[in-house]
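Enquirer: just a sequence and a predicted model for now, questions to come.
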Amino acid sequence: MSSERPFEPVNVYEYEILAKQKLPKMAYDYYASGADDQYTLEDNILAFRKLRLRPRVLIDISVQDISANILGIPCSFPFVIAPTAMQKMAHPEGEVAVARAAAKSKVIMTLSSLSTCSIEEVAKAAPQGPKWFQLYVYRDREITKRLVQRAEQAGYSAVVVTVDTPKLGRREADVHNKFELPQHLTFANFVDSADVDRQRTKKVDGSGLAAYIASLFDPSLSWKDIHWLKTVTKLPILLKGVLDEKDAERATQVGVAGIIVSNHGARQLDSSPATIDCLESVVKGVRGKIPVLLDSGVRRGTDIIKALALGAQGVCVGRPILWGLAVAGEEGVRRVIELFRSEFDLDMGLLGCPSIADIRRDMVVKVDWSIPSKANNLMPARGKELRSNL
Ligand SMILES: Cc1cc2nc3c(=O)[nH]c(=O)nc-3n(C[C@H](O)[C@H](O)[C@H](O)COP(=O)(O)O)c2cc1C
Ligand SMILES: CC(C)CC(=O)C(=O)O
């Protein structure tokens, strides 16, 4: 590679390659891994690839509007940053850098309960930017209630309750690496907690994270707790991790404000289906009563279009944000969001859609396509070539 000009990634796969070079192995493996055999990790990408987009022609797209409104929040395009834990492992500014980038790009940022910058630090860093708070429900309901109320007080505008993590999926690399939060970092939302174990992953034989979660997250979490949650906050509640039509229907009955169709980026139940394959049935289940978002495997502007065509109001993106953060901090996150925005804009134009309302179900075509056997084959040709040159 030429040493004269710094290499500028042109897609999110290339950001991952650069991030992998910069990050300690334990951090990269934690960010990148899926559970078990990572079948679902492959499927999340393959399922998008099996859908094709059939464009309409001779449509005036000289004026395009790709802006969106998600739960009443105006966004530059239908894109939300998914919650990912421990972002200071990627960059010293961690969640604060991500929040600043999100605010500048006019997209919603979702902060993880297990962030390495606190709820308040993030709010202070990006007071104007729209922010949601992702909630893990602790066995100790006082801890849970306090988290939600701090988020409400700090100006977050929704609570995203993750419902697919009654236990932590087994990410084998984390077990090998005996994953633990590096000593210089803390779970910043718990530093005032008397119980030190709440702040840190413990040094244990397997993944320290799995041990942390087993001891603190509530595996008895059920629908009744959503009713309870509604009594402790006025904020709208979204359920993250729904894949089933009946669960979607039930969600509308308990009065949540939205659903995120997610398999947690393939990190929980391996062999759970790709989210794009579940989207239409979830949309059917909500019967137009509440908005549906989707995450897991969104890597291209065309993926966003496919999700919208099948009924989502927007998408959430996890790992690519971490890759941008690792490569160039706040600026790297901005560039990754801009890649998604510009691809979405271009692809909408090529599809013949001046606005989001013009994206239609019949533009999506499912192709019968044989499945390559190695995850490596999913890396687009350019990424592979780059990897062999680096
Ligand atoms: C490193 C990492 C950490 C994550 N941490 C959380 C978390 O704290 N809370 C949560 O609800 N989901 C968490 N997720 C899941 C994401 O919110 C999201 O569902 C997933 O990353 C989407 O898939 P993608 O990475 O393919 O875009 C995490 C995902 C990753 C990759
Ligand atoms: C700390 C973990 C529970 C964060 C998470 O959701 C994940 O690693 O997938």
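Expert: Cool, got the structure. Numbering: from 1, shown residues only. Ligands and ions are numbered 1, 2, ... in the order given.
Enquirer: give me the neighbour count for the residue of the chain found nearest ligand 1.
Expert: Closest to ligand 1 within the chain is G318: 2.1 Å, counting by Cβ to the nearest ligand atom. The way it works is simple: take the backbone N, C-alpha and C, and place the C-beta from them, glycine included. Residues contacting G318 under the criterion other Cβ atoms under 10 Å number 20.
Enquirer: ok, which residues in this protein are in contact with ligand 2?
Expert: A85, L114, T165, L168, L209, I213, H264, R267 (Cβ under 6 Å from any ligand atom).
Enquirer: follow-up on the earlier one: identify the residues contacting the residue of the chain closest to ligand 1.
Expert: A82, P83, T84, G265, D295, S296 (Cβ atoms under 8 Å, 6 or more residues apart in numbering).
Enquirer: show me what contacts the third one?
Expert: Counting by Cβ under 8 Å, 6+ apart, T84 makes contact with Y31, S112, G318, R319, I321, L322.
Enquirer: farthest pair within those?
Expert: Spatially, the most separated pair among the contacts of T84 is S112 and R319, at 13.4 Å (Cβ to Cβ).
Enquirer: can I get the contacts of G318 in TSV including pLDDT?
Expert: Listed next are those as TSV, based on pLDDT from 0 to 100:
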residue	pLDDT
A82	99
P83	99
T84	98
G265	98
D295	98
S296	98
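Enquirer: most surrounded residue in the residues you listed?
Expert: S296 (33 neighbours).
Enquirer: check which helix or strand that residue maps to.
Expert: In the assignment (DSSP states H and E), S296 maps to no helix and no strand.
Enquirer: need phi/psi at it.
Expert: Here is the backbone geometry of S296 (degrees, to the nearest 10): phi 100, psi 100.
Enquirer: verify the stated contact: it with A266.
Expert: Yes - applying Cβ atoms under 8 Å, one finds S296 in contact with A266, separated by 6.5 Å.
Enquirer: need the overlap of contacts for the two.
Expert: With contacts taken as Cβ under 8 Å, 6+ apart, S296 and A266 have N44 as neighbours in common.
Enquirer: now do the buried residues in stretch 176-191.
Expert: Judged by neighbour count (16 or more other Cβ atoms under 10 Å), stretch 176-191 contains these buried residues: N177, F179, E180, L181, L185, T186, F187, A188, N189, F190.
Enquirer: how about stretch 312-331?
Expert: The neighbour-count check on stretch 312-331 (16+ other Cβ under 10 Å) flags 312-330 as buried.
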